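Novice: Turn this into a structure:
(chains A and B)
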Protein chains: 2
Amino acid sequence: MKKEKPADKIRVKRIPKRGIYDREEIYEILDKDCVCHVSFVYEGYPVIIPTIYGRKEDKLYLHGAGSSRMMKTLASGIPICIAVTQVNGIVLARSLFNSSMNYESVVVFGKAKMVESAEEKNEGLAVVSDQILKGRWEEARLPSAKELKATMLLEVTIEDASAKRREGDPGDEKADYDLDIWAGVVPMIRSYGPLIPDALLREGIPAPLSTEKLYK
Amino acid sequence: MKKEKPADKIRVKRIPKRGIYDREEIYEILDKDCVCHVSFVYEGYPVIIPTIYGRKEDKLYLHGAGSSRMMKTLASGIPICIAVTQVNGIVLARSLFNSSMNYESVVVFGKAKMVESAEEKNEGLAVVSDQILKGRWEEARLPSAKELKATMLLEVTIEDASAKRREGDPGDEKADYDLDIWAGVVPMIRSYGPLIPDALLREGIPAPLSTEKLYK
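Specialist: This next block holds a predicted model:
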């Protein structure tokens, strides 16, 4: 994870200027999302599963039912790869060849470890909850002892990681700038629609404070 | 891929009612996006890379520089796994335990094959381009012979695939419906911001027709 000489496994080979190895910058990208893709080898085959995550310091937390195949497989300590990708725009160059996407992505290599104690489990689950919607942990009913027991929490120490980012204008071939073809970026934005109350929500319960910041 | 008895590799084990094995429904989800995560085993380790794709019939097309490590590795015909995930909302239950996300996801297992002929390459690249922005292929400068040669196009036949979907209200424990806690869904929406013209765009070139439908 040294900035100067990234290990071969994580070094960005194609278009090296898009590679980011600085840990704080990697954390910043990880903190913008809450859904990742986890990959592992199962009976010789690569498998990917999307799941939610939370980050605290150099740990990623994943959770799921203790009975799930993925959780049991990951908990065995096999190597895993986790990817987080934000797509920010369609880059329309004058040529199709130079057309691209604007994005930020992180790839993490590590191993998962099961978190055993109820206290640490609650802490890790709060990290995941905060990553999805900060403040919700304090509003909702906390996990019961039974629910906590049924939930598996995995802690992944980020051993190696790298990020890639593309932003800004297209880069066209010199001669193509004379063409009568529009070029630029179509920004892609993630936003939140108006809250949809549960059909069984009792009268008089106001929208939660935790959601207010989403609409600012 | 039979609807009644999905193969063990693709069968959705956790919450089986969320599993979808119907090919048309799987294609419908694949056609809503253009960015996937591709996983493969490299020197014994799982690796994930995000990339753009296009679908036509039972084929997914991936493209990249012929010199890229990922493309060369995939072209060797090793088993690969491709995931496409759309996140549609945060599901706020009264309890943290039953809180969830609304999403649609597809996982595809298959192998990639390099497309060799210039004609088929152009066809496959047009599929990818259409998936990102229908109509752009007809507006932009087409790939030159040299550009086409530098581009590797991979065709992945969808051998096995399954999808998962969660939608609608949270499902709370019976007793929790009496709590004074707001429950419902925060919809997550992907939208497009106003076009950003390239800083070097010549005067008098109108915004492309292909982008108009994004703003309807």
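Novice: Please make it C-alpha for all contacts and neighbour counts, starting now.
Specialist: OK.
Novice: and the gap between A:Glu119 and B:Arg94?
Specialist: A:Glu119 sits 21 Å away from B:Arg94, going by Cα to Cα, to the nearest Å.
Novice: So for the two, which sits in the more crowded spot?
Specialist: A direct count of neighbours by other Cα atoms under 10 Å in any protein chain shown for A:Glu119 and B:Arg94 places B:Arg94 higher, at 26 against 10.
Novice: Need phi/psi at the more buried one.
Specialist: Main-chain dihedrals, B:Arg94, degrees, to the nearest 10: phi -70, psi -30.
Novice: Wait, it touches B:Ala175, no?
Specialist: No: counting by Cα atoms under 8 Å, B:Arg94 stays clear of B:Ala175, with 10.2 Å between them.
Novice: Quickly run through the sheet partners of the helix or strand bottoming out on mean pLDDT in chain A, with directions.
Specialist: The helix or strand of chain A with the poorest confidence is strand A:19-20; it has a mean of 76 (mean pLDDT, DSSP states H and E). Take DSSP bridges as the rule and strand A:19-20 pairs in its sheet with strand A:151-166 (antiparallel).
Novice: quick one: contacts of the partner strand?
Specialist: Strand A:151-166 has contacts (Cα atoms under 8 Å, 6 or more residues apart in numbering or on different chains) with A:1, A:10-12, A:18-22, A:26, A:58-66, A:71, A:75, A:101-115, A:121, A:124-125.
Novice: If you count neighbours, what's buried in that strand?
Specialist: Neighbour-count burial for strand A:151-166, counted by 16 or more other Cα atoms under 10 Å in any protein chain shown, picks out A:151-158, A:160-166.
Novice: Alpha carbons only: can I get that strand in PDB?
Specialist: C-alpha atoms of strand A:151-166 as PDB (Å, rounded to 0.1, in the frame of the first residue of the first chain):
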ATOM      1  CA  THR A 151     -26.800 -12.400  12.300                       C
ATOM      2  CA  MET A 152     -23.300 -13.000  11.200                       C
ATOM      3  CA  LEU A 153     -20.900 -10.100  11.100                       C
ATOM      4  CA  LEU A 154     -17.700 -10.300   9.100                       C
ATOM      5  CA  GLU A 155     -14.700  -8.000   9.500                       C
ATOM      6  CA  VAL A 156     -12.500  -7.600   6.500                       C
ATOM      7  CA  THR A 157      -9.100  -5.900   7.100                       C
ATOM      8  CA  ILE A 158      -8.200  -4.000   4.000                       C
ATOM      9  CA  GLU A 159      -4.800  -5.600   3.200                       C
ATOM     10  CA  ASP A 160      -4.300  -4.200  -0.300                       C
ATOM     11  CA  ALA A 161      -6.500  -1.800  -2.200                       C
ATOM     12  CA  SER A 162      -6.400   0.500  -5.100                       C
ATOM     13  CA  ALA A 163      -8.700   2.900  -6.700                       C
ATOM     14  CA  LYS A 164      -9.300   4.300 -10.200                       C
ATOM     15  CA  ARG A 165     -11.000   7.500 -11.200                       C
ATOM     16  CA  ARG A 166     -11.900   9.100 -14.500                       C
END
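Novice: pLDDT averaged over that strand - what is it?
Specialist: The pLDDT scores in strand A:151-166 average 95.
Novice: After it, which helix or strand is next?
Specialist: As assigned by DSSP states H and E, the chain's next helix or strand after strand A:151-166 is strand A:184-192.
Novice: So, low pLDDT: which residues of chain A?
Specialist: Counting by pLDDT under 70, chain A has low-confidence residues at A:1-16.
Novice: Let me know the angle separating the helix ranked longest in it from strand A:151-166.
Specialist: The longest helix of chain A (DSSP state H) is helix A:118-132. Angle, helix A:118-132 to strand A:151-166, by axes from the mean of the first three to the mean of the last three Cα atoms, to 10 degrees: 40 degrees.
Novice: can you pull the buried residues of helix A:118-132?
Specialist: Residues of helix A:118-132 classed as buried: A:121-122, A:124-132 (neighbour count, 16+ other Cα under 10 Å).
Novice: which outside residues touch whichever helix or strand A:Thr51 is part of?
Specialist: Per DSSP H and E, A:Thr51 falls inside strand A:45-56. For strand A:45-56, contacts defined as Cα under 8 Å, 6+ apart pick out A:27, A:30-31, A:34-41, A:60-63, A:124, A:127-132, B:39-41, B:46, B:79-83, B:85, B:105, B:107.
Novice: mind listing what's buried in that strand?
Specialist: Here strand A:45-56 shows A:45-55 as buried, counting by 16+ other Cα under 10 Å.
Novice: Against chain B, how distant is A:Lys174?
Specialist: 11 Å (Cα to the nearest Cα, to the nearest Å).
Novice: Setting the sequence-adjacent residues aside, check what's closest to A:Leu209.
Specialist: Spatial nearest neighbour of A:Leu209, chain neighbours left out: A:Gly135 (7.8 Å); criterion: Cα to Cα, 6 or more residues apart in numbering or on different chains.
Novice: what's the burial count for that neighbour?
Specialist: Neighbour number of A:Gly135 under other Cα under 10 Å is 16.
Novice: Looks like it contacts A:Ser210 (just checking).
Specialist: Yes: contact criterion Cα under 8 Å: A:Gly135 and A:Ser210 qualify, at 5.0 Å.
Novice: Just confirm A:Ile196 contacts B:Met188, I think it does.
Specialist: No: between A:Ile196 and B:Met188 there is no contact under Cα under 8 Å: 11.3 Å.
Novice: And those two? Which one has more around it.
Specialist: B:Met188 (20 against 15).
Novice: The more buried one and A:Leu195 touch, don't they?
Specialist: No: contact between B:Met188 and A:Leu195 fails when scored by Cα under 8 Å: they sit 10.0 Å apart.
Novice: A:Lys146: neighbouring residues, count only.
Specialist: Look at A:Lys146: counted by other Cα under 10 Å, it has 8 neighbours.
Novice: Skipping adjacent residues, who's closest to whatever residue is furthest in space from the centre of chain A in space?
Specialist: Distance from the centre of chain A peaks at A:Asp178, with 40.0 Å (Cα atoms, centre = their mean). With sequence-adjacent residues excluded and distances taken as Cα to Cα, 6+ apart, A:Asp178 is closest to B:Arg202, at 7.8 Å.
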